[in-house]
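> build the 3D model from these lines:
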Amino acid sequence: MISEGLVTVAVLSLLAVVIVLSTLIVLIRGTRRHRQRRRERTAEPVRGLLFELLCAEGDEQSRLLERLAAIDRRAWSALEPHVAELLEKVSGGARTALIRLYGLRGATAAAVTDLTRHSAVRRGRAAQVLGRLAHTPAVPPLCRLLADRDPEVRMAAARALGRCQDPAAVPYLLACLTGPRTVPPGVVTHALTALGPEGLRFVAVGLDHPEHLARAVAAEVLGATGAVSRTAEVVHALRADPHTEVRIRAARALGRLGMPDGLEPLLAAVLPGRPVALRIVAVSALGSLGAVAATPRLAALLDDTDPHVAATAARALLRLGPRGQAALRSAAAAADGRPDGRAAAHARAALAEAAVGGTRLDVRAEVAL
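The predicted model follows:
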């Protein structure tokens with residue numbers, strides 16, 4: 001039996017630990033606030049010059065750049081976070097001036113050098129800076145950082161490559177999805193999406209990549225960016241790719257692209273015998289496509305043995321406008337003779353959901369694909 005003395009000692013020890021931790025938290029927060037106030041005081045004398053620079057032109061802009069480039073290291077360290085924040089918000093001449101300021105300060109060259117430092121923190125911060133600047137000369141070393149030993153550095157490099165918008169980075173971004181040192185697919189997808197139209201040709205090439213994850217991400221990006229000129233390649237991926245995940249992404253992409261060429265392959269993808277996950281996504285894509293020609297196939301799927309396929313078909317019919325909604329009302333009112341009445345039940349559920357505002361009825365003009 002534990003004595004009261006031991007219990008008292010344990011409680012007091014725990015209380016002491018809590019007090020020490022609380023004190024440390026207060027001290028850390030206080031130190032951070034003190035450093036922040038000190039940086040603000042240091043940056044205050046030159047912050048006005050920074051805002052003047054954003055509005056200046058010609059000789060006045062050059063004069064302000066020279067003054068800001070000549071400030072001491074301590075003042076620049078305090079001002080640089082404000083410059084970085086403004087880089088995210090401004091465009092045109094103001095952004096160009098800020099990029100020039102980084103160059104005149106030597107901060108751009110320093111960031112390129114820091115990409116090879118031993119410290120992971122410095123490599124990651126350097127990648128962030130170069131991404132903000134969209135510094136395309138740094139693309140080769142940033143591509144090498146996609147295989148960095150530190151996962152945070154790899155993600156920073158991927159995001160920076162997206163901001164640099166250099167199509168040459170596409171093969172490296174797709175390659176970093178697999179192997180011993182990978183970058184999460186979501187980060188790679190976002191980076192590839194940010195590359196812009198010039199990178200889409202290289203992304204489409206990724207549909208033939210030997211790794212299925214790279215093919216899947218390529219299909220996702222083509223759909224997300226509205227690459228309608230690549231519809232044929234996406235259709236081929238849906239029809240012929242051996243991996244289900246790639247076909248799922250291709251089906252979703254065809255729904256987003258909204259081109260007539262996507263109708264027939266999507267109708268084939270919803271047939272019984274296909275993987276259930278593929279059927280669900282393809283059914284939803286038919287609704288996104290807005291093709292009233294898909295109405296009979298979707299109406300038939302209301303009676304599908306898989307409840308998820310049937311429910312998705314009901315929602316897809318809602319999105320097809322008057323024709324699809326008429327098919328739902330017809331199914332809801334029909335006595336189909338089945339003891340479970342699956343088709344009628346799914347149709348009624350979708351119409352009820354729409355009636356209470358859960359699903360917005362699509363009143364767009366019908367698209368006769």
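> longest helix in the chain, please.
Ranked by residue count under DSSP state H, the longest helix found in the chain is helix 4-55.
> what is that one packed up against?
Using 3 or more CB pairs under 8 Å, 6 or more residues apart in numbering; DSSP states H and E as the contact test, the elements touching helix 4-55 are helix 58-69, helix 73-87, helix 92-105. From N, CA and C alone the C-beta is placed, and that goes for glycine too.
> that helix to helix 92-105, inter-axis angle?
In terms of direction (axes from the mean of the first three to the mean of the last three CA atoms, to 10 degrees), helix 4-55 departs from helix 92-105 by 110 degrees.
> among the helices and strands packed on helix 4-55, which is nearest His243?
Evaluated with CB to CB, these place helix 73-87 nearest to His243, the distance being 40.0 Å.
> let's test this: mean pLDDT of the closest one, rounded?
The average pLDDT within helix 73-87 is 85.
> which parts of that helix are buried?
For helix 73-87, the neighbour count (16 or more other CB atoms under 10 Å) marks 75-76, 78-80, 82-84, 86-87 as buried.
> in this structure Ala160 contacts Leu142, no?
Yes: using CB atoms under 8 Å, Ala160 is in contact with Leu142, at 5.4 Å.
> can you tell me how far Thr136 is from Leu130?
Computed as CB to CB, to the nearest Å, the Thr136 to Leu130 distance reads 9 Å.
> which neighbours do these two share?
Both Thr136 and Leu130 are contacted by Cys164, under the criterion CB atoms under 8 Å, 6 or more residues apart in numbering.
> higher neighbour count, those two?
Leu130 (28 against 15; other CB atoms under 10 Å).
> which residues touch the more buried one?
Applying CB under 8 Å, 6+ apart to Leu130 gives the contacts 108, 111-112, 115, 138, 142, 160, 164.
> not counting sequence-adjacent ones, nearest residue to it?
Nearest residue to Leu130, sequence neighbours excluded (CB to CB, 6 or more residues apart in numbering): Ala138, at 4.4 Å.
> repeat that for Asp261.
Using CB to CB, 6+ apart, the closest residue to Asp261 is Thr231 (5.0 Å).
> which pLDDT value goes with that neighbour?
pLDDT recorded at Thr231 is 95.
> do the same with Gln36
Looking at Gln36, its pLDDT reads 64.
> just Leu369 next, same as before
Listed pLDDT for Leu369 reads 43.
> with Asp303 instead?
Predicted confidence (pLDDT) for Asp303: 90.
> try Gly179
Confidence score, pLDDT, at Gly179: 93.
> what's it sitting at in phi/psi?
Main-chain torsions, Gly179, degrees, to the nearest 10: phi 110, psi -170.
> tell me the contacts of it?
Going by CB under 8 Å, 6+ apart, the list of residues near Gly179 reads Ala147.
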